[in-house]
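J.: Below are the sequence and a predicted model for it; my questions follow.
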Amino acid sequence: MAPTSKRRHRRGPHREPSVRRPGGRRAAASARRSLRREAPGTVAVVADPAGFAAMRHRYTTFLFEDHPTYLRQVEKLLRSLTARGVRTSVGLFDPDDYARFCVREHIDPDTSDSRARYAAELAATGATVRYRGRPLVRLLPLLLAGRPRYPGGPTAARPGEGSTRGALEDAGDTVADLLGAAGPGTHHLVCSVTGTAGPLVAVLHAEAEPPAPPRTDPARELVFRAVLAAGLAAGRPGGVVMRTVRGGREEVRGWSLAGGRLRPLTEAEVFSAYCTDVETGEPVPPEPGLAYRAGFPLPRPSGSPGAAEGEERGKRRGGEG
């Protein structure tokens, strides 16, 4: 009898129907996809069984069956991101702090998008460590031992450190100003900020067709805002570049980040930045068809040094007119 006939016989009525088991390959792949949607550059991990049980009890969209399996899926995700060259950080997911965060932000806690926003908030507050391939079972005790014990949890505002939430709001306003002033077209933005353990980098893609608001990926925009907020709040050096495709033409603009604000680069500075080898300092040929443009001025963030003075000067000038 042909092999095909044998296989057909084995699928006869006496064979038990196939069942998709919760711990099977499909379930594991689905769990990793779910985690990937909630990992916008920072993976927030529920580190202890009690916290995991609380998440299971409170939220129907938290679909993991048991804590050990959950941790294995998190580690697979971290290794996958690292293998693809994605710079990833790990933070502690505190269920009680998460509940307070959702109340403050007026968002539904039982969604993967809200958990992604919480992870982005952890990235902005600095309550994370860079993942460098260390086994998660060794990393979690260090995170638990070193977690900050501030009233209200890791995402609550803390005395003496400035307003992280204010910096996030300023960053959101700055992104809106950038995309609003850029006009119609396809915009690709890159924000880089010098960090203590290396550069922080975020990428944002936007499609703009005024008068409708620009279309972006919400999770990526949150990460972009978090990186920019880190530079604004800490006054760290960095920059933003924006490439725009419009009407078949492509142009690039740039801004330097220093002192908690973005300064537009001149056309010559943008050209120099793109046409200089960063390692050797030698000139490189310009990209064919790419126009180098000066960055346009942006409003000074409300929380930056001198913002209040600038607003007061603007009011006086308006009164004199």
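T.: Okay, I see it.
J.: rest of the way, CA atoms for contacts and neighbours
T.: OK.
J.: Mind giving me the packing neighbours of the longest helix along the chain?
T.: In terms of residue count, the longest helix belonging to the chain (DSSP state H) is helix 164-182. Other helices and strands packing on helix 164-182, by 3 or more Cα pairs under 8 Å, 6 or more residues apart in numbering; DSSP states H and E, are helix 112-125, helix 218-234.
J.: Go again with 7 Å.
T.: Counting contacts by 3 or more Cα pairs under 7 Å, 6 or more residues apart in numbering; DSSP states H and E, helix 164-182 packs against helix 218-234.
J.: With only the CA atoms kept, save the helix it packs on in PDB.
T.: The C-alpha trace of helix 218-234 is given here as PDB (Å, rounded to 0.1, in the frame of the first residue of the first chain):
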ATOM      1  CA  PRO A 218       1.100  54.500  19.000                       C
ATOM      2  CA  ALA A 219       3.600  52.200  20.700                       C
ATOM      3  CA  ARG A 220       6.500  53.500  18.600                       C
ATOM      4  CA  GLU A 221       5.500  57.100  19.300                       C
ATOM      5  CA  LEU A 222       5.400  56.400  23.000                       C
ATOM      6  CA  VAL A 223       9.000  55.100  22.800                       C
ATOM      7  CA  PHE A 224      10.100  58.100  20.700                       C
ATOM      8  CA  ARG A 225       8.500  60.400  23.200                       C
ATOM      9  CA  ALA A 226      10.200  58.600  26.100                       C
ATOM     10  CA  VAL A 227      13.600  58.800  24.600                       C
ATOM     11  CA  LEU A 228      13.100  62.500  23.800                       C
ATOM     12  CA  ALA A 229      11.800  63.100  27.300                       C
ATOM     13  CA  ALA A 230      14.900  61.500  28.800                       C
ATOM     14  CA  GLY A 231      17.000  64.100  26.900                       C
ATOM     15  CA  LEU A 232      14.800  67.000  27.800                       C
ATOM     16  CA  ALA A 233      14.500  66.100  31.500                       C
ATOM     17  CA  ALA A 234      18.200  65.300  32.000                       C
END
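J.: Go through it and flag the buried ones.
T.: Using 16 or more other Cα atoms under 10 Å as the test for burial, helix 218-234 gives 219-234.
J.: and if you look at stretch 269-287?
T.: 269-271, 274-275.
J.: what's the span of that stretch from first residue to last?
T.: Start-to-end span of stretch 269-287 (Cα to Cα, to the nearest Å) is 15 Å.
J.: out of the buried residues of helix 218-234, what pair is the most spread apart?
T.: Longest distance between any two of those is 22.7 Å, between 219 and 234; criterion Cα to Cα.
J.: Bridged to residue 89, which residues?
T.: Taking DSSP bridges, one finds residue 42, residue 130 as the beta-bridge partners of residue 89.
J.: right, and it touches residue 133 too?
T.: No - using Cα atoms under 7 Å, residue 89 is not in contact with residue 133; the gap is 10.8 Å.
J.: which of these two has more neighbours?
T.: Neighbours were counted for residue 89 and for residue 133 using other Cα atoms under 10 Å; residue 89 has more, 22 against 12.
J.: OK, contacts around residue 246?
T.: Residues counted as contacts of residue 246 (Cα atoms under 7 Å, 6 or more residues apart in numbering) are 185-186.
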